[in-house]
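Trainee: here is my input, please return the structure:
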Amino acid sequence: MRLLLSILFIIISFNAIAFGQNILSVSQTAKNSWTDDQGTYTVWDVVLKNNCDQTIYGATLVAEKNSLGLRRDQDIWELDHQYDNVYSLPSAVGDYGIKVRESHSFGYINKGTKPAIFNIADIAFTSKSKGY
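Mentor: As a prediction, the model looks like this:
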């Protein structure tokens with residue numbers, strides 16, 4: 001019984017550590033802001049940092065509804081647009097990956113002075129193009 005309880009404790013502890021870890025963190029910095037006849041806009045620089053112990057080959061980023069207000073479709077760079085407010089890492093990241101403790105940067109121009117809120121899903125730890 002003690003062995004079973006010890007194993008159960010280890011499993012619960014491992015799950016808490018694994019799920020508590022922020023695998024891919026997002027940090028945003030405002031670079032520039034201006035106002036014109038269409039409103040106020042801000043240029044944002046975003047850094048996605050790999051905080052886990054494996055190379056990341058892909059991820060889906062979903063901007064929360066009403067948090068991303070691009071002036072034009074071209075006003076987001078270094079991400080691939082999938083549909084609506086859904087983006088993915090560019091194909092070069094899929095080929096070479098974001099190594100452990102390294103990062104990928106992208107940017108965008110958002111309406112207003114607040115950053116978009118990005119949720120990360122579908123993190124891939126295998127390269128589709130290289131088969132590993």
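
Trainee: do a quick rundown of the strands in the chain.
Mentor: 24-36, 39-50, 58-63, 76-77, 80-83, 86-88, 103-111, 118-124 (DSSP state E).

Trainee: Thr126 contacts Thr55, correct?
Mentor: No: contact criterion C-beta atoms under 8 Å: Thr126 and Thr55 do not qualify, at 9.2 Å. The C-beta positions use only the backbone N, C-alpha and C, and glycine is treated the same way.

Trainee: who has more neighbours out of those two?
Mentor: More crowded of Thr126 and Thr55, by other C-beta atoms under 10 Å: Thr55, with 18 against 14.

Trainee: ok, the more buried one to Ile98 distance?
Mentor: Computed as C-beta to C-beta, to the nearest Å, the Thr55 to Ile98 distance reads 7 Å.

Trainee: which parts of stretch 74-92 are buried?
Mentor: 75-76, 78-79, 85, 87-89 (16 or more other C-beta atoms under 10 Å).

Trainee: do the same with stretch 100-109
Mentor: For stretch 100-109, by 16+ other C-beta under 10 Å, it's 104, 106-109.

Trainee: how about those, which pair is most distant?
Mentor: His104 and Ile109 (18.7 Å; C-beta to C-beta).

Trainee: so where's this protein uncertain?
Mentor: Scanning the chain for pLDDT under 70 picks out 1-21, 130-132.

Trainee: now with 50?
Mentor: 4-20 (pLDDT under 50).

Trainee: distance of Trp77 from Leu70?
Mentor: Distance from Trp77 to Leu70, by C-beta to C-beta: 11 Å.

Trainee: need the overlap of contacts for these two.
Mentor: Between them, Trp77 and Leu70 share these contacting residues under C-beta atoms under 8 Å, 6 or more residues apart in numbering: Tyr108.
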